[in-house]
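Visitor: After the sequence you'll find the predicted model.
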Amino acid sequence: MSFPYLRVIGGVLLILAGVFAYYGVSVGPPAALIFLLGGVLVVVISVSGHRPRPIDAGVFVIGLLALSGIAIGYNPSYGSSQTLHYSATPAQIPDNSLFLTVSASTGSVKVSFTNDANLAYAVTFARPASPIPFVPPGPAAVANSTRGGTYFLNVTSGAWAVSILLNSRYSTGMTVSTDTGSVSLDATGNESLTDVSLWTSTGSVNAMVDSPSILGLNLTTETGSVSLTSHHLGAGGRHVPVLLTANTGSVSISATLSAGAATVSASTDLGMVSHQLSGFTVMQSSPRTLEAAYGDSTSARDSFVITAQTNLGSVDVTLDTASP
């Protein structure tokens, strides 16, 4: 009995179709390449002298059509959409500081702030209708604890899109990570921030931050873009680190700094570094590197240490200075 090559390949195509449908992957017109690949496989198998049985050819054709249909955008919805919501009032959280931890497997995470006096936080998990109803979306959990005058809010997510709304009254820090998906932060209400870390393995990281005081900012992606925008960013101490890193992808920062001093270092292994600096002294500038500074970082009461780097991609640095 000969090995059922076409049947195995057809099974693999069906598995890929299921994965594409579950995660909403659509490749559009390039899906024609799937038919091209299928034809090549048929020719290779035929030339090799292998004679597939009708059931093998049937499974192969069904798998090819299923994967192609999903890839070009046909995404039937069998399951229903889901939304989960958790919230708390300021009366339930008397602490002055809050630290948010988000750990997600698949899906975007968005964090923003509000001045609503009746809301301490709101966490919303959303999942679109699933084409594979028997595949669970994974965890959607919110836990909390209080320690040393700080309220710790822990959010765990599987295959959900997570939106988190925090009250601006708290001094806030956060660690947000997702394996696959984008991470965004909208803190444009002059929030007092401690250490902020946003990370994704595959996806973009975007932060809009206007804060009179921040103790640290780390934006990282393995594959994707990283961007920071700020109309005014104040350092909460000496040598406050601001790190923007992408392994593969672009990095950009556009900010007005409020601190006694700052140093900036930018680099790319394969790409270009561009900059627009006001108030800085440029010590080194080349197509792939930048070193600049203003003020005296050794004696200034508050200062920034800014690093923007990528291995493959461009780096754009636009910085201005303002009186602290």
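Guide: Cool, the structure landed. Residues are numbered from 1 along each chain as shown.
Visitor: residue ranges of the helices in this protein, please?
Guide: 5-22, 32-47, 54-71 (DSSP state H).
Visitor: And for stretch 138-151, what's in contact with it?
Guide: Stretch 138-151 is contacted from outside by 84, 86, 88, 93, 95-99, 105-106, 123, 125, 152-160, 170, using C-beta atoms under 8 Å, 6 or more residues apart in numbering. Where C-beta positions appear, they are placed from N, C-alpha and C, glycine not excepted.
Visitor: least reliable of the helices of the chain going by mean pLDDT?
Guide: Among the helices of the chain, helix 32-47 carries the lowest mean pLDDT, a mean of 56.
Visitor: Walk me through the domains of this structure.
Guide: 5-71, 92-322 (automatic domain parsing).
Visitor: State the mean pLDDT of the last one.
Guide: Right, domain 92-322. 93.
Visitor: Can you give me the buried ones in stretch 174-183?
Guide: Neighbour counts using 16 or more other C-beta atoms under 10 Å place 174-178, 180-183 of stretch 174-183 among the buried residues.
Visitor: next one: stretch 119-128
Guide: 120-127.
Visitor: From the chain's centroid, how far away is it?
Guide: 17 Å (C-alpha atoms, centre = their mean, to the nearest Å).
Visitor: Also stretch 113-126?
Guide: 21 Å.
Visitor: same deal with stretch 184-202?
Guide: The answer for stretch 184-202 is 12 Å, by C-alpha atoms, centre = their mean.
Visitor: end to end, how far does that stretch reach?
Guide: Its first and final residues considered, stretch 184-202 spans 13 Å by C-alpha to C-alpha, to the nearest Å.
Visitor: What count of nearby residues applies to Leu165?
Guide: Other residues near Leu165 number 18, with proximity taken as other C-beta atoms under 10 Å.
Visitor: which residues sit in contact with it?
Guide: Counting by C-beta under 8 Å, 6+ apart, the residues that Leu165 touches are 112-114, 119, 121-123.
Visitor: wait, doesn't Arg126 sit right on Ile164?
Guide: Quick fix: residue 126 reads Ala, not Arg. No: checked against C-beta atoms under 8 Å, the pair Ala126 and Ile164 is beyond contact range at 11.9 Å.
Visitor: How many residues are close by Ser145?
Guide: 9.
Visitor: just to revisit the earlier point, deepest of the domains of the chain, which one?
Guide: domain 92-322 (a mean of 18; mean count of other C-beta atoms under 10 Å).
Visitor: so how far is that domain from its chain's centroid?
Guide: Per C-alpha atoms, centre = their mean, the centroid offset for domain 92-322 relative to its chain is 10 Å.
Visitor: start to end distance for it?
Guide: End-to-end distance for domain 92-322, by C-alpha to C-alpha: 38 Å.
Visitor: can you check stretch 219-227 too?
Guide: 8 Å.
Visitor: neighbouring contacts of that stretch?
Guide: Counting by C-beta under 8 Å, 6+ apart, 182, 197-207, 228, 243-253, 310, 313 sit against stretch 219-227.
Visitor: hmm, try it at 7 Å
Guide: 198-207, 228, 244-252 (C-beta atoms under 7 Å, 6 or more residues apart in numbering).
Visitor: repeat for stretch 89-109
Guide: Contacts of stretch 89-109 (C-beta under 7 Å, 6+ apart): 23, 118-120, 138, 146, 149-162, 164, 166-167, 170-183.
Visitor: Against Thr101, how distant is Arg127?
Guide: Going from Arg127 to Thr101 by C-beta to C-beta, to the nearest Å gives 21 Å.
Visitor: I should have written Ser204 there, sorry.
Guide: 21 Å.
Visitor: try Leu257
Guide: 28 Å.
Visitor: Okay, strands next: where are they in the stretch 151-300 of the chain?
Guide: Ranges of strands in the stretch 151-300 of the chain, per DSSP state E, counting those that start in this stretch, are 161-167, 171-180, 183-187, 193-202, 205-209, 211-214, 216-223, 226-235, 240-248, 251-258, 261-270, 273-277, 281-286, 289-294.
Visitor: Compare those strands and give me the one nearest Phe304.
Guide: Closest to Phe304 of the strands of the stretch 151-300 of the chain is strand 261-270 (C-beta to C-beta; 4.0 Å).
Visitor: got the contact list for that closest one?
Guide: The contact list for strand 261-270, computed with C-beta under 7 Å, 6+ apart, reads 273, 275, 288-297, 300, 303-315, 317, 319.
Visitor: Listing partners with orientation, what would you give for it?
Guide: strand 289-294 (antiparallel), strand 303-312 (parallel) (DSSP bridges).
Visitor: residues touching the most centrally placed residue in the chain, list them.
Guide: What sits nearest the mean C-alpha location of the chain, by C-alpha atoms, centre = their mean, is Ser182, with 2.9 Å. Contact partners of Ser182, counting by C-beta under 7 Å, 6+ apart, are 108, 200, 203-204.
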